[in-house]
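Novice: Prediction below, plus the sequence it came from.
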Amino acid sequence: MALPPQHIILAGFMGTGKTAVGKALATALGRGFIDTDRAIETGTGKTVSQIFAQTNEENFRDLEAKAIQEALRQPPAVIAVGGGAVCNRDNLRRLQRGGSVILLRANLETILGRVAKKNSRPLLSGENPRAKAEALLRQREPHYSKISVQISTDGKSVPAIADEIMKMLSLQNDTLTLKLGSRSYPLYFVRNSMEQFPALLRRHFSGEKLAVVSDVNVQRHFGKKFLGPLKKEFQVHLSVLPPGEKSKNLGVLQKLFKEWVRAQVDRQTAVVALGGGVIGDLAGFAAATFLRGIPFVQVPTTLLAQVDSSIGGKTGVDLPEGKNLVGAFYQPRFVFVEESFLKTLPRREFIGGMAEVIKYAAIFDASLFRDLERRMPELLRNQGESIQDIVRACCEWKAWVVEKDEKETLGLRSKLNFGHTLGHAIESLTGYRRFTHGEAIAMGMVFAARKSVAKTGLPPSQVERIVALLGQAGLPTEMPGFKKNVLLAALRQDKKRVSSQLHFVYLEKIGKSAVLPTPLNEVL
Ligand SMILES: NC(=O)c1ccc[n+]([C@@H]2O[C@H](COP(=O)([O-])OP(=O)(O)OC[C@H]3O[C@@H](n4cnc5c(N)ncnc54)[C@H](O)[C@@H]3O)[C@@H](O)[C@H]2O)c1
């Protein structure tokens, strides 16, 4: 595993496993291991207990500060520091500048059990070590809480903790930041690493309570695997909704709100949207509006949600009169893009998401389009195993668009609606049952590409490439026959319509798009 060439620093209360885990980490990474307490003992020729007994704590803290500075001067190593080291502001600042600081945690029982075996802790010596440990933990907690990466060690083996830390650190290499000033947030791209999620939550939230919203299918596949580790570390209130678009409405929203009131969800609670676009849109809107806004995290489990709906902060619900008519722009705190969620996705949903992937390539990225032409059979064969670089490329485009045009006022974000004008009309005319969203926009993209030949000069050979790629992915390219007046009526519902004109997205060539106002009649 490739990790950044900087120190890995383990902090935390006595008995949380810093030394054992530090040694295991150092061995696994082929690095040196420095325990600052041991370095002090070697340097002074006295044990820590003797230093405490013969002088005072202040003297020990001076020695500790020097040992830390000396350790940081060494080539990248794994460094374990004493339990009180990070309570000194200068120490913490130096450590944070010198490497990645990770706080190991354990509950009091674990700590007392581990410490009892050693009997070498001066601060717990004498009568009633439990009360002493409790008081010391309380005193140090404000300092510990300043460390953003925290890992619980309760009930975990040393190799398992070391492995968790390495995965955690390698995540820092697989992060994309969507830059929106103080509302900026990371997208973490991971593979077979669901167990990393609790530690990431700890990095972003200090609260103990989570309101997880998911649907029946996702819960069936990932209830144990994803929620199990989460329940060990947080107090989880879980709401499992029926799957599909039928859940994305005001009635379900109200039920969710009532549930949250009963469960005493408060502003310190983080909402976790675990599911596809339906769950992300609904839970995101619920988070945006409950108590006038509580934090939320997107955990997209469909391809569509990973490349599109989980990024950019569009949240909302449908009305009987139309889709997404009520909503808010509300950005998540982070997005956890785990490739292996896609393995259990029904084939048709995966292929539906592929329509959005092809859309990004068609409107922004000719090289991504060529890549898809070359790799489509492999991507379909290894569903959820070889698509992460493609997902990331799409997310980079979506983040780029959202950074420039968050609220869709400049026309850039509207480009993402390529194929959607007709796609939405097809979905609505077929009662949202006959086609998936992806299938409908696939037909819409072919329609828009054909329109682009006359309007923006898209070469007909490129229309054929688009049809071929969609076909290769298993998406429909020819829409069913609708009467013109029926189709016109459906198009009139388009939210992007301005009086009798539509903002229609055309292609100039594969990888370059343009939004042009177009009279409704001209669209058909
Ligand atoms: N907010 C945005 O920017 C944005 C963008 C595009 C689409 N959307 C919205 O997204 C919604 C569509 O999202 P979707 O296509 O993800 O639909 P979805 O959430 O209904 O998921 C599709 C189906 O897959 C199941 N599923 C989800 N993850 C699974 C997994 N890992 N394994 C097995 N089954 C799984 C679900 O239970 C559901 O039956 C629409 O409501 C659309 O309006 C929003």
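Specialist: Sure thing, it's come through.
Novice: Let me know the next secondary structure element after the strand or helix carrying V337.
Specialist: According to DSSP states H and E, V337 maps onto strand 335-338. Scanning forward in sequence from strand 335-338 by DSSP H and E, the next helix or strand is helix 347-364.
Novice: Just the closest residue of the stretch 351-500 of the chain to the ligand, please.
Specialist: Taking Cβ to the nearest ligand atom, the ligand has its nearest neighbour within the stretch 351-500 of the chain at H437, 5.4 Å off. Bear in mind the C-beta positions are built from the backbone N, C-alpha and C, glycine included.
Novice: returning to what we had before: and the strand holding V337, is it in reach of the ligand?
Specialist: No: using Cβ under 6 Å from any ligand atom, strand 335-338 stays clear of the ligand, coming no nearer than 9.4 Å.
Novice: and stretch 327-344, which residues are buried?
Specialist: By 16 or more other Cβ atoms under 10 Å, the buried positions in stretch 327-344 come out as 327, 329-342.
Novice: tell me the mean pLDDT for that stretch?
Specialist: Per-residue pLDDT over stretch 327-344 has a mean of 97.
Novice: let's number from 532 now, not from 1
Specialist: Sure, I'll start numbering at 532, so the last one becomes stretch 858-875.
Novice: now, which of the buried residues of stretch 858-875 sits nearest Q993?
Specialist: Closest to Q993 out of those is L873 (28.8 Å), distances taken as Cβ to Cβ.
Novice: Am I right that S770 is in a strand?
Specialist: Yes: counting by DSSP: H, G, I helix; E, B strand; the rest coil, one finds S770 located in a strand.
Novice: wait, isn't it in contact with V743?
Specialist: Yes: when contacts are counted by Cβ atoms under 8 Å, S770 is listed as touching V743 (7.1 Å).
Novice: List the buried residues in stretch 574-593.
Specialist: For stretch 574-593, burial by neighbour count (16+ other Cβ under 10 Å) applies to T575, K577, V579, I582, F583, F591, R592.
Novice: typed the wrong thing, it's stretch 644-660
Specialist: Neighbour-count burial for stretch 644-660, counted by 16+ other Cβ under 10 Å, picks out R645, V646, R652, L654, L655, P660.
Novice: The ligand contacts on the chain?
Specialist: Close to the ligand, as judged by Cβ under 6 Å from any ligand atom, the chain has residues 746, 748-749, 752, 774-776, 779, 806-810, 812, 832-833, 835-836, 839-840, 843, 845, 854-855, 872, 875-877, 880, 968.
Novice: So, low pLDDT: which residues of the stretch 882-1031 of the chain?
Specialist: Regions of the stretch 882-1031 of the chain meeting the criterion pLDDT under 70 cover residues 1025-1030.
Novice: Kindly recompute the last result at 80.
Specialist: Applying pLDDT under 80 to the stretch 882-1031 of the chain flags the ranges 1024-1031.
Novice: quick one, strands of it?
Specialist: 1028-1029 (DSSP state E, counting those that start in this stretch).
Novice: Also the stretch 682-831 of the chain?
Specialist: Counting by DSSP E, counting those that start in this stretch, the strands of the stretch 682-831 of the chain are 706-709, 716-721, 740-746, 766-772, 801-806, 827-831.
Novice: To A551, which of the ones you listed lies closest?
Specialist: For these, the distance to A551 is smallest for strand 716-721, at 26.0 Å, taking Cβ to Cβ.
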